[in-house]
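Novice: this one's structure only:
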């Protein structure tokens with residue numbers, strides 16, 4: 001059987017990151033929301049939450065039945081300042097990024113990307129990094145101004 005090569009048009013390359021964002025599976029919490037979003041997400045997804053404490057924040061990790069894990073980083077004031085995910089499926093980025101979703105979508109539309117290129121957005125009020133391939137996706141997002149004092153961004157993973 002002869003294989004037919006796929007040729008990506010310039011328009012196709014531009015919209016690939018948008019497609020990754022648009023066709024994500026529903027799952028988990030909201031960046032910038034308060035900790036109550038963790039409880040509502042837990043009930044909606046029917047996932048167990050594992051809470052671990054660090055000096056200046058807590059991490060609420062949920063794992064869906066499909067194997068996707070989302071970690072929500074919550075400040076002492078109860079705000080979700082960062083989220084990270086990994087697993088066989090992307091979480092619902094509209095839900096995970098909340099009010100920041102439209103900003104990410106706008107930036108992604110204006111960037112050229114290849115089929116498997118990681119997405120890195122570093123705006124003054126938002127940092128988003130996503131990468132992956134079929135059956136394994138990772139990413140993280142955080143709001144620099146919401147980071148608790150002394151928390152290194154490398155901890156958001």
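Specialist: Sure thing, it's come through. These numbers come from a predicted model, not from an experiment. Numbers count the residues shown, from 1 in each chain.

Novice: quick one, strands of the chain?
Specialist: Counting by DSSP state E, the chain has strands at residues 49-53, 58-63, 69-74, 80-87, 119-123, 126-133, 136-142.

Novice: what's the closest of those strands to residue 153?
Specialist: Ranking those by proximity to residue 153 (C-beta to C-beta) places strand 136-142 first, at 6.4 Å. Where you see a C-beta, it was placed from the backbone N, CA and C, and this is true even at glycine.

Novice: just want the angle from the closest one to strand 119-123.
Specialist: Here the directions of strand 136-142 and strand 119-123 differ by 0 degrees (axes from the mean of the first three to the mean of the last three C-alpha atoms, to 10 degrees).

Novice: for residue 79, name its beta-bridge partners.
Specialist: Partner residues in beta bridges with residue 79, using DSSP bridges, are residue 34.

Novice: pLDDT at it, what is it?
Specialist: With respect to pLDDT, residue 79 scores 93.

Novice: cool, and residue 18?
Specialist: For residue 18, pLDDT reads 42.

Novice: on that earlier part again, save the strands of the chain as JSON lines, and put in mean neighbour count and distance to residue 93 too.
Specialist: What follows is those, written out as JSON lines (neighbours: other C-beta atoms under 10 Å; distance: least, C-beta to C-beta, whole Å):
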{"stretch": "strand 49-53", "mean neighbour count": "11", "distance to residue 93": "20"}
{"stretch": "strand 58-63", "mean neighbour count": "19", "distance to residue 93": "15"}
{"stretch": "strand 69-74", "mean neighbour count": "24", "distance to residue 93": "11"}
{"stretch": "strand 80-87", "mean neighbour count": "23", "distance to residue 93": "9"}
{"stretch": "strand 119-123", "mean neighbour count": "14", "distance to residue 93": "11"}
{"stretch": "strand 126-133", "mean neighbour count": "18", "distance to residue 93": "8"}
{"stretch": "strand 136-142", "mean neighbour count": "20", "distance to residue 93": "8"}
